[in-house]
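Peer 1: 3D, please:
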Amino acid sequence: MELGLNDRVCLVTGSTGGIGLATARLLAAEGARVVTHGRGEAPGVGEALHVAADFLEPGAPEAVVAEAGPVDVLVNNVGAAYVAAFEELTDPQWDEMWQLNVMSFVRSIRAVLPAMRERGGGAIVNVSSTAGKRPSTGMPNYSVTKAAVLSLSRLVADLYAKDGIRCNAVTPGPTATGAWLGEGGLAEQQGEREAVLAKVAAGRPLGRLAEPEEIAAVIVFLCSGAASYVTGSAWSADGGTVPIII
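Peer 2: Numbering: from 1, shown residues only. Purely as a prediction, here's the structure:
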């Protein structure tokens with residue numbers, strides 16, 4: 001299948017690890033001019049440019065977009081997650097999660113819109129979560145922000161379809177990245193690491209966590225010309241975790 005991504009400028013936020021890294025690697029393999037982003041060094045996956053920035057800093061998303069130049073494809077992937085009790089979360093914790101998981105998406109989208117409109121179109125993919133569809137009681141502020149990403153995605157799709165700009169969301173389930181598997185990651189935050197991972201895997205109809213490349217494949221499809229009639233959707237890539245309601 002021809003994806004039509006050759007020489008397209010694709011900015012992937014939060015792409016020095018996990019799903020973002022796998023997405024950047026796959027886009028580069030498709031011939032895209034990939035701009036990676038993160039707080040650390042360039043990941044070395046064939047990117048044309050890497051921009052280091054902390055999206056909690058004022059003006060950072062706009063500065064990254066400006067350095068990337070006119071963007072054809074934006075993948076909003078940057079974000080954070082941790083386990084916490086609802087009644088113990090502080091207002092600053094809610095606000096910080098909102099700023100990173102939602103407002104950085106809003107700011108990045110606003111920054112890429114003028115060039116996309118001028119060039120007659122573009123594609124935006126926002127990485128949400130199954131927790132945005134069915135909240136995780138152990139991650140309250142994460143769940144609420146990921147639900148907001150779904151609403152944002154539909155809003156942008158409706159507003160800018162007339163400009164040839166498509167916007168979709170992807171809702172991954174638990175994925176075998178450092179966020180889950182790493183020291184101090186989501187698995188260890190919930191108990192004995194291997195026992196938690198086994199329980200989480202058993203809760204998926206497919207019986208395992210996703211590999212980041214599996215999520216990246218869905219994202220790259222939505223970025224591509226092969227998905228030219230797809231907008232305003234939320235694509236589940238969760239091993240069957242959240243069922244379709246008919």
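
Peer 1: show me what the biggest strand by length in the chain is packed up against.
Peer 2: Using DSSP state E to define each element, the chain has its longest strand at strand 165-172. Under the contact criterion of 3 or more CB pairs under 8 Å, 6 or more residues apart in numbering; DSSP states H and E, strand 165-172 touches helix 104-119, strand 122-127, helix 140-160, helix 212-223, strand 234-237. In short, each C-beta sits where N, CA and C put it, glycine included.

Peer 1: closest to Gly182 out of those?
Peer 2: For these, the distance to Gly182 is smallest for helix 212-223, at 13.0 Å, taking CB to CB.

Peer 1: rewinding a little: now do the longest strand of the chain against helix 140-160, angle only.
Peer 2: Here the directions of strand 165-172 and helix 140-160 differ by 160 degrees (axes from the mean of the first three to the mean of the last three CA atoms, to 10 degrees).

Peer 1: just the mean pLDDT for strand 165-172, thanks.
Peer 2: The average pLDDT for strand 165-172 rounds to 98.

Peer 1: that strand: how far from the chain's middle?
Peer 2: 9 Å (CA atoms, centre = their mean, to the nearest Å).

Peer 1: show me what the helix or strand following that strand is in contact with.
Peer 2: Moving toward the C-terminus from strand 165-172, the next helix or strand (DSSP states H and E) is helix 178-181. Here helix 178-181 makes contact (CB atoms under 8 Å, 6 or more residues apart in numbering) with 17-18, 81, 174, 185-187, 197, 200, 209.

Peer 1: distance between helix 178-181 and the chain's centre?
Peer 2: For helix 178-181, the distance to the chain centre is 15 Å (CA atoms, centre = their mean).

Peer 1: try stretch 17-29
Peer 2: 11 Å.

Peer 1: coming back round to it: most tightly surrounded among the helices and strands packed on strand 165-172?
Peer 2: strand 122-127 (a mean of 27; mean count of other CB atoms under 10 Å).
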